[in-house]
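Enquirer: Quick one: sequence plus predicted model below, questions after.
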Amino acid sequence: MIKPVALAATHMECRDLKESMAVMTDLLAFETISEEPGEAILKHPNSPWVLVLHQAGAEAPAKPMHNHWGVRVQTTEEVDRAYAYLTAHKKEYKLGAIGKPTWSHGSYSCYFVEPGTNGWEIECYEDFARKEVAAQKFGGVKKPHWEEIYPEEKFPGRGYVPQAFTHGTLVSGDMEVSKNFYTSVLNLEVHRFSGHVIYVKHPSAQTYIVCALRENPKVFSPNFRNTLTVDAKAAVNEAYQEFSARGQELGITELWPVQENNGSASFCFRDPGTNCWEIASRN
Ligand SMILES: [Fe+2]
């Protein structure tokens, strides 16, 4: 069993880096941490989770909406204003479909597609978070993910302010198998939301990944993955040895070699539900 110290990053494959970056920064309040040809690292100021964009060109496969990420606003009015703002700027930012806000799983949400075909959700758990007992459920992921409000001055003129980068998504072909894998192999917390949805998270943060049952999910490249950090290079190598030796038994369906970069080590693998992950050492 690995001992992750954080669910540190999530990776999104896009078609044109600049186009996707513009959506992340101008419409979702991400900040650019670094940028190099074909790759950029972004972060929401209120969230520890880092978003890494990988440019894969115009031929990058289209992603279904059930593979999406989400940011959270404080009020349902903001979701309505976000829908209006996105609709008014659809052409400018080359957005795909923008769904009218709807209620689902306790959230009032607006879903849209960015130019790289990835789905994004602007969610609001205002009503849910108000009910103290309900808000404690599911590892507290529906409570506000911020200690300090990200002020409107920092994201003016849109009528809504994303307060945190809250969640991503995973797919599963067998919920029990996925649940066991995330708890016993990756040592993560799992909270059951329903018969076909679990929430996966690291105990150190509220950031979570929604894992939902899907029939015949599309298989994507490691450009679409989540990164768990471990505390040293030795722990990466140890995990790699174990996954190499006992992969099939553990539920690893694909394993990529260890890579070393600027003193840190990492490798990617695919879980039983076809999702790619990366285990990396902290720099
Ligand atoms: Fe979502």
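Expert: Thanks, I have it.

Enquirer: C-alpha from now on. contacts and neighbour counts both.
Expert: Fine.

Enquirer: List the residues that contact residue 126.
Expert: 74-76, 107 (C-alpha atoms under 8 Å, 6 or more residues apart in numbering).

Enquirer: Strands along the stretch 1-150 of the chain, start to end?
Expert: Along the stretch 1-150 of the chain, the segments classed as strands by DSSP state E, counting those that start in this stretch run 6-14, 31-36, 39-43, 50-55, 68-72, 102-104, 107-113, 119-123.

Enquirer: could you give the angle of the fifth one to strand 107-113?
Expert: Angle between the axes of strand 68-72 and strand 107-113 is 130 degrees (criterion: axes from the mean of the first three to the mean of the last three C-alpha atoms, to 10 degrees).

Enquirer: try the last one
Expert: Interaxial angle of strand 119-123 relative to strand 107-113 (the same axes, to 10 degrees): 150 degrees.

Enquirer: Give the other helices and strands that strand 119-123 contacts.
Expert: On a contact count with 3 or more C-alpha pairs under 8 Å, 6 or more residues apart in numbering; DSSP states H and E, strand 119-123 meets strand 68-72, helix 76-88, strand 107-113.

Enquirer: list the buried ones in that strand?
Expert: 119-123 (16 or more other C-alpha atoms under 10 Å).

Enquirer: Give the residue spans of the protein that score low on pLDDT.
Expert: Along the chain, the model assigns pLDDT under 70 to residues 283.

Enquirer: tell me the domain ranges of it?
Expert: Taking automatic domain parsing as the reference, the chain has its domains at 6-213, 225-281.

Enquirer: Start and end of the last one, how far apart?
Expert: So that's domain 225-281. End-to-end distance for domain 225-281, by C-alpha to C-alpha, to the nearest Å: 16 Å.

Enquirer: ok, now stretch 78-97?
Expert: 19 Å.

Enquirer: Identify the residues contacting the closest residue to residue 25 other than its chain neighbours.
Expert: The shortest distance from residue 25 to any non-neighbouring residue, by C-alpha to C-alpha, 6 or more residues apart in numbering, is to residue 31 (5.8 Å). By C-alpha under 8 Å, 6+ apart, residue 31 lies in contact with 25, 42-45.

Enquirer: Repeat the analysis, applying 6 Å as the threshold.
Expert: With contacts defined as C-alpha atoms under 6 Å, 6 or more residues apart in numbering, residue 31 is in contact with 25, 42-44.

Enquirer: hang on, the earlier thing: distance to residue 219 added to the domains of the chain, as a markdown table?
Expert: Putting these into a markdown table (distance: least, C-alpha to C-alpha, whole Å) gives the following:
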| stretch | distance to residue 219 |
| --- | --- |
| domain 6-213 | 10 |
| domain 225-281 | 6 |
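
Enquirer: partners of the residue lying closest to residue 168 once chain neighbours are set aside in the sheet?
Expert: The shortest distance from residue 168 to any residue other than its chain neighbours is 4.2 Å, reached at residue 69 (C-alpha to C-alpha, 6+ apart). Per DSSP bridges, the residues bridged to residue 69 are residue 120.

Enquirer: Any chance of TSV for the strands of the stretch 1-150 of the chain, columns distance to residue 81?
Expert: Shown next, in TSV, are these (distance: least, C-alpha to C-alpha, whole Å):
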stretch	distance to residue 81
strand 6-14	26
strand 31-36	21
strand 39-43	23
strand 50-55	24
strand 68-72	13
strand 102-104	13
strand 107-113	10
strand 119-123	11
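
Enquirer: so which of those comes closest to residue 268?
Expert: strand 6-14 (12.0 Å; C-alpha to C-alpha).
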